[in-house]
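> predicted model and sequence follow; I will ask about them next.
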Amino acid sequence: MTFAEFKKKWSRYTGKESSAYQEHFNDLCRLLGQPTPVEADPSGTESFCFQKRVVKDAELFEIHETPDASEPTERGFADVWKAELNAAKHYAHIVLREETPPRTPAEHRAAVAAAAQELNELRERWLNPPEWTVEKVLEFPGSADGPWARYVVKPDKNGIGTVRYPRLEPKNADCAAKLKERTLTKLYNERPAWLDLAHKKLDATVAAAYGFPTDLTDEQILEKLRPESCPRCRRSKSCQSEAAKNHPRQARR
């Protein structure tokens, strides 16, 4: 769905919000290249769903799946509920501006870096849960211009300092046994919804940086990345010359 199609469809709707909010949210997901609740949670585990029964803290306005008996609570329903890493998010009103200024190259780089960092942090938390690990710092001599440079502190006049390298270790034998089961291969074989969503978010952010739609196949992406097809290359002669120089057929000459 394009912005024009989304605007045309919903600018004409004058009915009740309660009658169309689910379809509106699904269209918004398609517009942004994200899975709908049913697509993200096809088994119906309620990790991403409409009309989730929740308990709202009457004082702090936080939402929980289960009430705290020590505090006054109020039951209700979240219009759209998404639970991820034990943190529930309540999506309420989403407003799209009629005209969104295009991002600058620097903003695109920042957006891609943020999406990549988010993906990495989610994976690292699954691989090394903080409740199973403890950080320990290894110290040894190292050169300020060597492979450990970013960990070197107080280098002397010869550039030799102390490497302070932080690493995670299991808290105990039980945690060590459980951590052995947490591998990238197992994670990607299982491919939980949160991982798939994080990858799709990163893919969409990279596509936006190139000016590509989010629903392209791998073959279409490769075709668009050809110098004569890439929007960025068409705007930059230096990009075209660089691509030609690095093309395999040019490299063999």
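Looks like it arrived, so ask away.
> show me where the stretch 101-250 of the chain has strands.
133-143, 152-153, 160-170 (DSSP state E, counting those that start in this stretch).
> how about the ones you listed in CSV, adding mean pLDDT, distance to A176 and mean neighbour count?
Yep, even glycine has a C-beta here, placed from its N, CA and C like the rest. As requested, the strands of the stretch 101-250 of the chain are exported to CSV (pLDDT from 0 to 100; distance: least, Cβ to Cβ, whole Å; neighbours: other Cβ atoms under 10 Å):
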stretch, mean pLDDT, distance to A176, mean neighbour count
strand 133-143, 94, 10, 12
strand 152-153, 94, 29, 16
strand 160-170, 94, 4, 15
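> among the ones you listed, which comes closest to Q117?
For the strands of the stretch 101-250 of the chain, the distance to Q117 is smallest for strand 160-170, at 17.7 Å, taking Cβ to Cβ.
> give me the angle between that closest one and strand 133-143.
160 degrees (axes from the mean of the first three to the mean of the last three Cα atoms, to 10 degrees).
> strand 160-170 pairs with which strands, parallel or anti?
With DSSP bridges as the test, strand 160-170 is paired with strand 133-143 (antiparallel), strand 152-153 (antiparallel).
> could the strands of the stretch 101-250 of the chain go into a markdown table alongside distance to F3?
Shown next, in a markdown table, are those (distance: least, Cβ to Cβ, whole Å):
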| stretch | distance to F3 |
| --- | --- |
| strand 133-143 | 44 |
| strand 152-153 | 50 |
| strand 160-170 | 44 |
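> correct me if wrong: W81 contacts A40.
No: the pair W81 and A40 fails to qualify as a contact (Cβ atoms under 8 Å) at a distance of 11.7 Å.
> if you count what's nearby, which of the two comes out ahead?
Just comparing W81 and A40: by other Cβ atoms under 10 Å the higher neighbour count belongs to W81, 22 against 18.
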